[in-house]
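# What shape does this take:
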Amino acid sequence: MPIRLLRLLVTAAALALAAPAAAAAGDPLTRAAHAPGEVLVNYAPGADRAGLQRALGLRGVETLPAGTRRLRSDGRLPLAEVIRRLRAAPGVEYAVPNYRAHVSDFMPNDPGFPDRGLGRWHEIQWNFAGEFGVRAPRAWELARAVKADGGRGVVVAVLDTGVAYANRGRFRRAPDFHWRRFARGYDFVDEDPYPNDENGHGTHVAGTIAQRTNNAYGLTGLAYGVKIMPLRVLDAQGAGDASAIARAIRYAARRGAHVINMSLEFDVGVRAAQIPDIVAAIRYAYRKRVVVVGASGNAGNRAVAYPARAPHVISVGAITAHGCQAEYSNSGPGLDVVAPGGGTDAANRDNPWDLAHCDPTVPGPDIYQQTFTTSYRRFGFPSGFQGTSMAAPHVSAAAALVIATRRLGSRPSPRAVETRLEDTARDLGPAGYDTRYGHGLIDAAAAIDPEVAISARTRRMMRG
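Numbers count the residues shown, from 1 in each chain. Below is the predicted model of the structure:
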């Protein structure tokens, strides 16, 4: 059953009492959302309840604790006319529709593709608001409630191909990024302070984290209030070396990053002993209380690739829009969580979840964000972006929201953030932890919801 995020309606008692003299047909309250055919009525002592209800085609549903009767019409008369007659009848103190309330999710007005119309971003971004999305609308509202809109105050370092962060020479800032949303970065490929993207991958990744939201343009970002620290460690072909990556991790940790996103991988044959500088840099970042997130890899192997496999890194696999392991997503004992990466379901037929949900013959949608297209000056929402690279920034953004909302305190340890994300993840696959889905699908809303209890395991990490 799909998770209804857009307008989850819940029956509520009357939110306001209309004056009995109001004309029901012209009463604006009767035009608000209400349970079809239902009315809440309060009678004075001695009123002819039974006769009035028979005459108007009403039957009782329940009596509320205060004595109000919840009635349902048989439909012979329009509800507005039923209410008008009730209000005019002797002994009726009030009669109002049974209004509906809805969860206060923040629903941005971003249109998605240009011709879709305002507020239709969710038709494209299944990864944020679909059945197997990360529940972005509820997370946005919860963060806003504590004045941590979109993760405001947190810095996320993006180690990638750079980001389209500024207008400089032949480069242009992606129009759905705000110039104030960038911290000073560095280009570890060309060794200069201008980490412009020459590939498009890094801009796409940064968009999932922090693309502008509710600006009537483009798509949305999960942690739209954070600052991105662009650190270019991969060249125009998407390749980079261990030295650049290690230096960038230390740069981010020294310069105030709260989260580091690494949507990159080494060949699965590379071991920790072969990248000692990266492993040491990750330990350094951990001691600086920086959350480090890495993509599990896209080779479809049963082993998580480095650097995601290193200790103190949250390793992220990818799922499809069907809630299934993506065919390319690495798995294995080192996998921590999964997030939307798009693409086709893996051909797993050995457990009830995959048998019920997954079909490797049906391609799934990609992950869409704004990046450049035919030149560094032209931007759009190109297709073809799918992978654990696309999954990892969902987790980085969720970690930023946990930190910004102070759900675990003012500066939680990386391990506390990780365990909170794992504890609140939505279980997929076989019950409990498994090597294809880890602890489950990241749930950005549950991770910051004050109604979701902090586990004993996370509390231990908070004290550590």
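# The residue nearest the centre of the chain and Ala398, how far apart?
For the chain, the residue nearest the mean C-alpha position is Ala136 (2.9 Å; C-alpha atoms, centre = their mean). Separation of Ala136 from Ala398 (C-beta to C-beta, to the nearest Å): 9 Å. For the C-beta atoms, the positions are set from N, CA and C on the backbone; glycine is no exception.
# so what sits against both of the two?
Residues touching both Ala136 and Ala398 (C-beta atoms under 8 Å, 6 or more residues apart in numbering) are Leu222, Ala444.
# got a list of what the residue nearest to the centre of the chain touches?
When contacts are counted by C-beta under 8 Å, 6+ apart, Ala136 touches Gln125, Phe128, Ala129, Thr220, Leu222, Ala444, Ala445.
# can you do 6 Å?
Phe128, Ala129, Leu222 (C-beta atoms under 6 Å, 6 or more residues apart in numbering).
# out of everything not next to it in sequence, what's closest to it?
Nearest residue to Ala136, sequence neighbours excluded (C-beta to C-beta, 6 or more residues apart in numbering): Phe128, at 3.7 Å.
# how much space between the one you found and Ala445?
To Ala445, Phe128 is 11 Å away according to C-beta to C-beta.
# Tell me which of these two has more neighbours.
The neighbour comparison of Phe128 against Ala445 (other C-beta atoms under 10 Å) goes to Phe128, with 28 against 22.
# tell me the pLDDT at the more buried one?
On the pLDDT scale, Phe128 is placed at 98.
# repeat for Gly26
Gly26 is assigned 39 on the pLDDT scale.
# ends of stretch 441-460, how far apart?
With C-alpha to C-alpha, to the nearest Å as the measure, stretch 441-460 spans 23 Å from end to end.
# So which bits of it are buried?
Of all the residues in stretch 441-460, those buried under the rule 16 or more other C-beta atoms under 10 Å are Leu441, Ile442, Asp443, Ala444, Ala445, Ala446, Ala447, Ile448, Asp449, Ile454, Thr458.
# now, among the residues you listed, which is nearest to Arg212?
For the buried residues of stretch 441-460, the residue nearest Arg212 by C-beta to C-beta is Ala444; the value is 17.8 Å.
# Quick check: phi and psi on the closest one?
Torsion angles at Ala444 (phi, psi; degrees, to the nearest 10) stand at phi -60, psi -30.
# Quick one: end-to-end distance for stretch 61-72.
First residue to last in stretch 61-72 (C-alpha to C-alpha) measures 7 Å.
# In that stretch, which residues are buried?
Thr68, Arg69, Arg70, Leu71, Arg72.
# Pull the residues that contact that stretch.
Here stretch 61-72 makes contact (C-beta under 6 Å, 6+ apart) with Gly37, Glu38, Val39, Leu40, Val41, Asn42, Leu58, Arg59, Gly60.
# Quick one: mean pLDDT for the host helix or strand of the fourth one?
Spelled out, it's Leu40. Using DSSP states H and E, Leu40 sits within strand 34-43. The average pLDDT within strand 34-43 is 88.
# The helix or strand following that strand: how far from the chain's middle?
Sequence-wise, the next helix or strand downstream of strand 34-43 (DSSP H and E) is helix 49-56. Put simply, helix 49-56 sits 50 Å off its chain's centre (C-alpha atoms, centre = their mean, to the nearest Å).
# And helix 49-56, what's buried?
Arg49, Leu52, Gln53, Leu56.
# likewise stretch 321-337?
Neighbour counts over stretch 321-337 (16+ other C-beta under 10 Å) mark 321-332, 334-337 as buried.
# Tell me who's in contact with Asp354.
Asn348.
# what does Pro340 give?
Listed by C-beta under 6 Å, 6+ apart, the contact partners of Pro340 are Asn127.
# let's go with 7 Å and repeat that
Contact partners of Pro340, counting by C-beta atoms under 7 Å, 6 or more residues apart in numbering, are Asn127, Phe132, Gly133, Val134, Ile319, Ile367, Ala391, His394.
# Same question for Asp74.
Shown in contact with Asp74 (C-beta under 7 Å, 6+ apart): Gly57.
# Could you measure from it over to Tyr433?
For Asp74, the distance to Tyr433 (C-beta to C-beta) stands at 53 Å.
# quick one on the thing from earlier: could you list which of the contacts of Ala136 belong to strands?
Among these, no residue falls in strands (DSSP state E).
# Name the nearest residue to Ala216, ignoring sequence neighbours.
Among residues not flanking Ala216 along the chain, Asn109 sits closest, at 5.0 Å (C-beta to C-beta, 6+ apart).
# Kindly report the same for Leu52.
With sequence-adjacent residues excluded and distances taken as C-beta to C-beta, 6+ apart, Leu52 is closest to Ala89, at 5.6 Å.
# Would you state the predicted confidence (pLDDT) at the one you found?
92.
# heads up, I number from 43, so please use that
In the new count, where the first residue is 43, that last one comes out as Ala131.
# Next, find the distance separating it from Arg142.
From Ala131 to Arg142 the distance is 25 Å (C-beta to C-beta).
# Kindly report the same for Asn238.
Asn238 sits 50 Å away from Arg142, taking C-beta to C-beta as the criterion.
# Among these two, which residue is more densely surrounded?
Between Asn238 and Arg142, counting by other C-beta under 10 Å, Asn238 is the more crowded of the two (25 against 17).
# Is it correct that that one is in contact with Arg214?
No. Taking contacts as C-beta atoms under 7 Å, Asn238 lies outside contact range of Arg214: 9.4 Å.
# For these two, list the residues in contact with both.
Ala206.
# Quick one: distance of stretch 147-167 to the chain centre.
Centre-to-centre, stretch 147-167 and its host chain are 14 Å apart (C-alpha atoms, centre = their mean).
# in that stretch, what's buried?
Within stretch 147-167, the residues that count as buried by 16+ other C-beta under 10 Å are Asp147, Phe148, Met149, Pro150, Asp152, Pro153, Gly154, Gly161, Trp163, His164, Ile166, Gln167.
# Stretch 441-461 now?
441-447, 449-450, 454-461.
# can you list the residues that contact that stretch?
Counting by C-beta under 7 Å, 6+ apart, residues outside stretch 441-461 touching it are 181, 185, 188, 190, 193-196, 198, 265, 268, 300-301, 328, 331-335, 354, 356, 378, 462-463, 486, 489-490, 499-500, 503-504, 506.
# Quick one: which of the buried residues of stretch 147-167 has the lowest pLDDT value?
Among these, Asp147 has the lowest pLDDT, at 79.
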